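compute the structure for the input listed below.
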Amino acid sequence: MTRTITSQRFDSLRAVKESPARTDGTQTRVKIEETFGLNVFSLARMQARLPKVAYKALLRTLEEGVELDPGVAEAVAVAMKDWALERGATHFTHWFQPLTGATAEKHDSFLSPTADGRAINEFGASELVQGEPDASSFPSGGLRATFEARGYTAWDPTSPAFLMEGPGGAYMAIPTAFASWTGEALDQKTPLLRSIQALNDQAMRALKLFATPAVRVRATLGPEQEFFLVDEEFAYRRPDLITAGRTLFGAKPPKGQEMDDHYFGSIPERVLDCMNEVEEELYKLGVPVKTRHNEVAPAQYEMAPVYEDANTAADHQQLLMSTLRRVARRYGLLCILHEKPFAGVNGSGKHLNWSCSTENQNLLEPGDNPHDNMQFLFFCSAVLRAVDRHQDLLRAAIAYAGNDHRLGANEAPPSIISVFLGDQLTDIFEQIEKAGSAKGSLPSGLLGLGVKTLPSLPRHAGDRNRTSPFAFTGNKFEFRALGSSQAVSFPATILNTIVAESIDEMVTSLENAIEGGKGMNEALTELLAAEVHSFKRIIFNGDGYSEEWVEEAERRGLLNLRSTMDALPYLVTEKNAALFEKYSVLSKRELESRHEIFVEQYFHTINIEGETAAHMVHSMFLPAANRYLAELLNTAERADHVGVKVKGIVSTARAVAGLVDELAEALGGLDAQNEELGGDDVQSKSEHMRANVIPAMNRVREVVDRLEKVMPDDLWPVPTYRDMLLIK
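Below you'll find the model as predicted:
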């Protein structure tokens, strides 16, 4: 019998020998200080190009939230156009973030024909301030019917325009909000901007009580990005990676991450070249990427920026993900952002570091004097109070199909929302609750307060806890439960809003106490003692993976929402709808639309995975197994003709035949569930995906993965985990 060779060994050799290389080792990198912000229409460029009056007016808009004068918009548009044309741009686009989780853009040329047959470059305030892309094909959750296509993009002056360069030329991207003709938010940016304003309004009230001078309070973000880089030679031979973003099949290789030899190891040369180019492009776009390193799993890496204003950071996070995907292709690599692309190895997250600051001070930084530390305790308590009251919202903020594979595994916190404070800060809050004040603190790394009623505070609250979903890390909170593919805008919107509510209610309590004749110190001490008693259940410094914590969390009354479909209903409860409406972040209709979109995205994600899994078994795995079985039976028959005993071949044939029968049965179950779909509305369809399609896929995978371990390497139709993870 003649076998058709499809050996993955040859693919492995090709991947090693023919992978694109960017340099020969002699090329030097550009100077960061000269490159950074090169393609950004920054404040410095505006100041150089705008009339002084226009620039000062624009600054008032950016720093104080004053409405922008149309005349200033015209001046900005002219300066922006001239700058873009000088840099070789031929088109502009309103760059926005629809509810797909990605970005969108429609390009328009600067070119404008004249009556005498010539052409000029035109771009004015009308083109800058407003665009009109078709809104009918973006997800709206019922806010817009398909036949109601009108939607508007509106210039966001708080996030600078930038140039995107490529081999075919350059275009100018203008960050914008995206709304329907009826004024409802169809994007991620608009609610984020609203929540930033809500946080500013309430935090400024608090700072007034503390007599702390400030012009504005801003939310700050620092999202860490984990990802996998896999050779294209393998990735494009995997239909599951292409359509589902993760491998739906794959036996665990003999060596994965067991030796702990990848984490923080030296970065492979091709990957390092790729990262260098990613950084160079991001520096030009003003994205302050700071760190890069190997992550825990083979072929897994991380990049992270320094902290920025929340709105700019959210825009830059989108640019980071798109740049990673685009540049990786130049090196023959596929960037995988899925939370769990490979079963049995570390998944990928996106830790969202959050704080709030004035122009001079981080409000979550313990200070060097009593005033600053009183203020710190107030804002820290406001965050803890918010997390305790809205654990449901925080869980819903990171609920989607990809993250279900990761939460609760060894690389991610559990689905129970809790806060890690560290022993020192926890001890301070316990003293405040019991005695109304604290007389001291656990030793190590302390800052003196100089007053008896408040203790010394640790600048670093203790060791890190990777099992905590929400951890205080010295001067910020780290929301560790986000998935790697997720846009950060919606979780940040929720964080800003719930903290704004807490600050609002705590300030109101202080104001009432002071009006009743109490001093600020007395009123604050009493308030903190009462609040600590209320929110202390959310503080947990132990092992979030332990069964004991699951039981303890239940006794404390904390939610344990294990899956997306458990968490999403909490998004639209009466409590949460009232919260978003009170602070004008999301109307009830806008909130309900997001719930519907998230449920629909869950359904489509699992449906695509189920259909892809069935197709791969029908077209790849079963035919391969049948070929192998036929080869074994043919060999056994020929051996029998000549009287050769082939017990090993016969037993292998029986084993393979048994697996083929198991696989055919499991596949029949998956086919039936895929065809069923589960109902007429998206909620019931999604419930069907969770209850029936996912278990059916798991049964099929279990058989396929066992089959992979007994099949000849040259007959297995897809690259293995060994190839994808270990060949750099």
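
low-confidence ranges, the stretch 1-150 of the chain, go.
1-30, 114-120, 133-136, 139, 141-150 (pLDDT under 70).

helices along that one, start to end?
Applying DSSP state H, counting those that start in this stretch to the stretch 1-150 of the chain gives helices spanning 8-18, 32-35, 43-49, 52-64, 70-86, 125-129.

can I get those in TSV including distance to residue 113 and mean neighbour count?
C-beta coordinates here come from the backbone N, C-alpha and C atoms, glycine included. Listed next are the helices of the stretch 1-150 of the chain as TSV, based on distance: least, C-beta to C-beta, whole Å; neighbours: other C-beta atoms under 10 Å:
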stretch	distance to residue 113	mean neighbour count
helix 8-18	47	14
helix 32-35	37	11
helix 43-49	27	15
helix 52-64	30	15
helix 70-86	17	18
helix 125-129	16	18
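
okay, helices next: where are they in the stretch 401-550 of the chain?
401-404, 423-435, 489-515, 520-535, 547-556.

and what of the stretch 251-400 of the chain?
Taking DSSP H, counting those that start in this stretch, the helices of the stretch 251-400 of the chain run over residues 269-284, 310-330, 370-389, 391-397.

residues contacting the helix or strand encompassing residue 154, please?
Residue 154 is located in strand 151-155, with elements delineated by DSSP states H and E. Here strand 151-155 makes contact (C-beta atoms under 8 Å, 6 or more residues apart in numbering) with 73, 94, 96, 128-135, 138, 144, 174-181, 186.

which of those residues count as buried?
Among those, those classed as buried by neighbour count (16 or more other C-beta atoms under 10 Å) are 73, 94, 96, 128-129, 131, 133, 135, 138, 144, 174-180, 186.

among the residues you listed, name the ones in strands.
Among the buried ones among the contacts of strand 151-155, DSSP state E puts 94, 131, 174, 175, 176, 177, 178, 179, 180 in strands.

hang on, residue 544 packs against residue 416?
Yes - between residue 544 and residue 416 there is a contact at 7.1 Å, judged by C-beta atoms under 8 Å.

which residues do these two both contact?
Contacts common to residue 544 and residue 416, judged by C-beta under 8 Å, 6+ apart, are residue 469.

from what I can see residue 721 touches residue 249, true?
No - in this structure, residue 721 is not within contact of residue 249 by C-beta under 8 Å, at 9.8 Å.

give me the mean pLDDT for the strand holding residue 154.
For strand 151-155, mean pLDDT is 84.

again, but for stretch 473-487
Mean per-residue pLDDT for stretch 473-487: 93.

end-to-end on that stretch?
22 Å (C-alpha to C-alpha, to the nearest Å).

what about that stretch, distance to the chain center?
Stretch 473-487 sits 9 Å away from the centroid of its parent chain (C-alpha atoms, centre = their mean, to the nearest Å).

that stretch: which residues count as buried?
In stretch 473-487, counting by 16+ other C-beta under 10 Å, buried: 473-487.

show me the residues you listed that map onto strands.
Under the assignment DSSP E, the buried residues of stretch 473-487 contribute 477, 478, 479 to strands.

how many neighbouring residues does the closest residue to the first one other than its chain neighbours have?
Nearest residue to residue 477, sequence neighbours excluded (C-beta to C-beta, 6 or more residues apart in numbering): residue 354, at 5.3 Å. Residue crowding around residue 354 was assessed by other C-beta atoms under 10 Å; the count is 25.

got the contact list for residue 354?
Neighbours of residue 354 in contact, by C-beta under 8 Å, 6+ apart: 219, 220, 221, 476, 477, 478, 479, 492, 495.

and it, what are its bridge partners?
On the basis of DSSP bridges, residue 354 is bridged to residue 221, residue 477.

would you mind measuring from it to residue 159?
According to C-beta to C-beta, to the nearest Å, residue 354 stands 18 Å off from residue 159.
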